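J.: prediction below, plus the sequence it came from.
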Amino acid sequence: MGGLAGLGWAKLEDMKIQQRTLPQAPSRIVDEHGQPRVGTYQGAPDRVDLGGLRGDYQPRCLDRFVRNKEWTYTALAGRSQEGRNVKLIMGITDMHYASNGFVTVFDVDQKKVLAEHQFMAGRSRVTPEPVEGLQASFTGWAHRANLILSHPRGAGQYSQHIDIAARKDQPAVAFDGVFGAGGPPPATVITPKIRDGESRPTAVGMTVKSQALSGAGTLTVGEETFHLSELNGAVDYSSGTMNRHTRWRWGSATGVLEDGRKFGLNLVAGFNDADPRANENLLWVQGADGQSKIVPLPPVNFEFDAQRPMEPWRVTGTGSFEVDLRFQPYGMHSQHTNLGLIASNFDQPSGHWEGSLTDTATGEVYRFRGADGEAENQNLKW
């Protein structure tokens, strides 16, 4: 077992996940005994292969076709050479028995959606390489929609391509860009999961989060073209055996601290938190030595009005850090669909984060405002 796997839960709880240096991610998420390498790591595994699990975690006959899911999500925001602040989000999900892809573009200054495309009639593919070698794609069947996120081997950066034809109520969207070169390392979380109706972990999930990435690209929405030379963004790669009913609250931000250092932030509640060795609440920030570091944060609580998600949100937490954050939305990506087998009920506003993270051990305070990001209230049956 890698990382903190050899420590007892009680001791880990006392530590409140205060380690300052994350162990390096293993090349595989399953060890030689067929057990998950539970923990929080810096870097990413070469490949995700749940088929090697044994014992309590042995994959069940229908997992591959019904319970296993893979998805990627990207968020890129920046000011164009034309003087407009815009944001682009893209998601690709492979449920094996169904597919999903979406793209939303926001005008940040005017607080409005420029384009919103969501598709289920098509084919998704997400390869088991979470970073190096990644190929994620969605191709529409009834409508021209091509979404691609890749990280070619040896390229050192992500590449993203979007080509969506106009629809009756939505303009065409095209994007080509690259991002992530020379950026901070990703973080990997490998966690056991408790299946619906069971009392102990018998499944595994994992996620690789990349934050505070820089890039550039050209975005066209309808007749408008935005040349974006200073994009900031984040990437989420997630894979694992998911429960039929899955819920979470999530937050993400990329920006600049008051002292001028670039940072990234990932926060979650209700997902990937069944084991204290696995912690998805993380801060990416430049250290005193000039190198990027990933700092674990304590569990957090999301306070918001589920009926009015465009109202302000608040996120708080105590432990190794005092977390006191506020989120003001400027635009919404949401999906409320019930197709019987699949039911999606989620709201994901984009907006700006502000607040402080106070290290209770050292007293260091990370303050920021105006950091672009997202918050999400997700409720799925899939």
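T.: Noted; the coordinates are in hand. Residues are numbered from 1 along each chain as shown.
J.: how about residues contacting stretch 154-163?
T.: Contact with stretch 154-163 is made by 74, 76, 88, 90, 103, 134, 144-152, 173-182, 213, 215, 217, 235, as judged by Cβ atoms under 8 Å, 6 or more residues apart in numbering. (C-beta placed from N, C-alpha, C; glycine too.)
J.: let's go with 7 Å and repeat that
T.: 74, 90, 103, 144, 146-152, 173-181, 235 (Cβ atoms under 7 Å, 6 or more residues apart in numbering).
J.: and the residues you listed, which of them are in strands?
T.: 74, 90, 103, 146-150, 173-179, 235 (DSSP state E).
J.: and the two most separated of the residues you listed?
T.: Spanning the widest gap among the ones in strands among the contacts of stretch 154-163 are A174 and V235, at 20.1 Å by Cβ to Cβ.
J.: the two - which one has more neighbours?
T.: Taking neighbours as other Cβ atoms under 10 Å, A174 and V235 compare with V235 leading, 26 against 15.
J.: pull up the gap between that one and S159, please.
T.: For V235, the distance to S159 equals 12 Å [Cβ to Cβ, to the nearest Å].
J.: buried subset of the ones in strands among the contacts of stretch 154-163, written for PyMOL?
T.: In PyMOL, selecting the buried portion of the ones in strands among the contacts of stretch 154-163, with burial taken from 16 or more other Cβ atoms under 10 Å, looks like this:
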select buried, resi 74+90+103+146+147+148+149+150+173+175+177+179+235
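J.: what's the closest non-adjacent residue to M120?
T.: N100 (5.5 Å; Cβ to Cβ, 6 or more residues apart in numbering).
J.: go on, V256?
T.: According to Cβ to Cβ, 6+ apart, the nearest residue to V256 is K262 (5.6 Å).
J.: for that neighbour, give its distance to D324.
T.: Using Cβ to Cβ, we find K262 at a distance of 21 Å from D324.
J.: with neighbour numbers in mind, choose between the two.
T.: Each of K262 and D324 has its neighbours counted (other Cβ under 10 Å); K262 has more, 19 against 16.
J.: just the pLDDT at the more buried one, thanks.
T.: At K262, the model reports a pLDDT of 95.
J.: got it, and G6?
T.: Looking at G6, its pLDDT is 32.
J.: just E230 next, same as before
T.: On the pLDDT scale, E230 is placed at 96.
J.: begin at 418 from here
T.: OK, 418 is where the count begins now, so the last one is E647.
J.: and E641, bridged to which residues?
T.: On the basis of DSSP bridges, E641 is bridged to V638.
J.: how close does it sit to A591?
T.: 11 Å.
J.: what's the answer for G495, then?
T.: As judged by Cβ to Cβ, G495 and A591 stand 17 Å apart.
J.: ok, S631 next?
T.: Per Cβ to Cβ, S631 is found 22 Å from A591.
J.: and the strands in the stretch 618-767 of the chain?
T.: Along the stretch 618-767 of the chain, counting by DSSP state E, counting those that start in this stretch, strands occupy 618-638, 641-658, 662-673, 679-686, 699-703, 709-713, 718-720, 730-734, 738-755, 760-776.
J.: what does the stretch 418-567 of the chain give?
T.: Counting by DSSP E, counting those that start in this stretch, the strands of the stretch 418-567 of the chain are 456-459, 485-496, 502-511, 516-524, 529-536, 539-543, 552-557, 562-567.
J.: can you put the ones you listed in JSON lines and add mean pLDDT and distance to T754?
T.: Compiled in JSON lines, these are given as follows (pLDDT from 0 to 100; distance: least, Cβ to Cβ, whole Å):
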{"stretch": "strand 456-459", "mean pLDDT": "97", "distance to T754": "33"}
{"stretch": "strand 485-496", "mean pLDDT": "97", "distance to T754": "16"}
{"stretch": "strand 502-511", "mean pLDDT": "98", "distance to T754": "13"}
{"stretch": "strand 516-524", "mean pLDDT": "97", "distance to T754": "10"}
{"stretch": "strand 529-536", "mean pLDDT": "97", "distance to T754": "9"}
{"stretch": "strand 539-543", "mean pLDDT": "98", "distance to T754": "15"}
{"stretch": "strand 552-557", "mean pLDDT": "98", "distance to T754": "16"}
{"stretch": "strand 562-567", "mean pLDDT": "98", "distance to T754": "17"}
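J.: what sits against the nearest residue to L531 once chain neighbours are set aside?
T.: Nearest residue to L531 in three dimensions, chain neighbours excluded: V522, at 4.4 Å (Cβ to Cβ, 6+ apart). Applying Cβ under 7 Å, 6+ apart to V522 gives the contacts V503, L505, L531, A532, V590, V638.
J.: now the two most distant members of those residues.
T.: Using Cβ to Cβ, the pair of those lying farthest apart is V503 and V590, separated by 11.4 Å.
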